[in-house]
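Visitor: Sequence below, structure please.
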Amino acid sequence: MKFDVILWDMDGTLLDFKIAQKEAITQVFRTIHKPLTDDIIDLYSRINESYWKKLELGEVTRPELLTGRFRRLFEELGMNDVDVQSVRKEYEEVLGNVYEYIQDSLGLCKMLQPKCRQYIVTNGIADTQRRKIKLSGFRDCMTDCFISEEVGYEKPNKNYFDYVFSKIPDFDPERTLIVGDSLTSDIKGGALAGIKTCYFNPERKEITGDYKPDYEIEHLWDVLRILDFML
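Guide: Residues are numbered from 1 along each chain as shown. Predicted coordinates:
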C-alpha cells in the first residue's frame with residue numbers, strides 16, 4: 001500500500017467523544033443532584049474544548065485543565081458548593097467506560113490489521129484512555145498506543161511525535177499517515193513532524209489555519225482509497 005504505518009487519533013475519529021462526554025457529565029450531575037440541560041452540556045463542551053486548546057498551546061498545565069474546566073463550569077452556573085475533585089474523578093471514570101464507534105471504525109482497523117501497522121495517538125488521561133482502548137477492542141488491532149500523559153507531551157508538539165517515531169521499528173516518514181479530526185492537533189502536529197496528514201471531516205467544516213491537510217475525507221472508510229488498499 002501507499003502507507004504502511006497509520007497513526008489514528010481516537011476521540012472524534014475512531015470513537016464518538018461527544019456521546020461519551022454527554023454520558024459522563026450526565027452521571028456527574030446525577031450524583032451531585034443538580035438539574036442538567038442541553039445548554040449546560042453545550043457550555044461544558046465549549047469550556048472543555050477551550051482548555052484542551054490551551055493545553056496544546058502550552059497555556060495551561062494538565063492539572064490545571066483537569067480541574068479548571070469543572071471549576072469554571074460551576075462558577076458560571078453559580079454552583080460554588082460542588083466538590084470539583086470528586087466531580088473530576090467520577091467524570092474520568094465514566095468517560096473511560098463509555099464508547100461508541102464512528103462509522104464502524106473497529107471493522108475498518110481490523111480489515112487493515114494484516115496490511116499495515118496501526119497506532120493510536122491521543123491526547124488524554126492515561127487511565128481513561130487505556131480503559132477505553134481495551135474495552136472498545138482497539139487494543140487488539142493496534143501495534144501500540146501513545147497517550148500524551150504517558151509521553152509527556154501533547155499533540156501537536158513535535159516532541160510528542162519524535163517520541164512516537166522512536167518507538168516505531170524501521171520508521172519511515174514517507175510511509176506514514178496520520179488520520180484525525182483536529183486541524184490544530186492532528187494535522188498541525190503531523191505537518192510539523194514531517195508526515196502526510198489526513199483530515200477526517202464528516203461535518204465538512206471549513207479548513208482554516210496555517211497547516212492544510214494532504215488529504216480530506218468525510219467517511220473513515222475513504223482512507224482505503226488514500227492507502228491504495230485492494231479488497
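Visitor: Show me which positions of the lengthiest helix in the chain end up buried.
Guide: Secondary structure of the chain read by DSSP state H shows that its longest helix is helix 38-56. If you call a residue buried by 16 or more other CB atoms under 10 Å, then helix 38-56 has these buried ones: 40-41, 44, 47-48, 51-52, 55-56. The way it works is simple: take the backbone N, C-alpha and C, and place the C-beta from them, glycine included.
Visitor: where does this structure dip in pLDDT?
Guide: Scanning the chain for pLDDT under 70 picks out 230-231.
Visitor: and the spatially closest residue to Lys54 that is not a sequence neighbour, helix, strand or coil?
Guide: Nearest residue to Lys54, sequence neighbours excluded (CB to CB, 6 or more residues apart in numbering): Val60, at 4.5 Å. Here Val60 is coil, with the state taken from DSSP: H, G, I helix; E, B strand; the rest coil.
Visitor: and what of Ile120?
Guide: Per three-state DSSP, Ile120 ends up strand.
Visitor: Count the neighbours of it for me.
Guide: 23 (other CB atoms under 10 Å).
Visitor: How many residues are close by the closest residue to it other than its chain neighbours?
Guide: Distances taken as CB to CB, 6+ apart place Cys145 nearest to Ile120, at 4.1 Å, with adjacent residues excluded. The tally of other residues near Cys145 (other CB under 10 Å) stands at 20.
Visitor: Same question for Arg131.
Guide: 17.
Visitor: Which residue, other than its chain neighbours, is closest to it?
Guide: Nearest one to Arg131, counting by CB to CB, 6+ apart, is Gly96 at 3.8 Å.
Visitor: same check, this time on Leu106
Guide: Gly137 (5.5 Å).
Visitor: how far away is that neighbour from Asp38?
Guide: 31 Å (CB to CB, to the nearest Å).
Visitor: Thanks a lot, catch you later.
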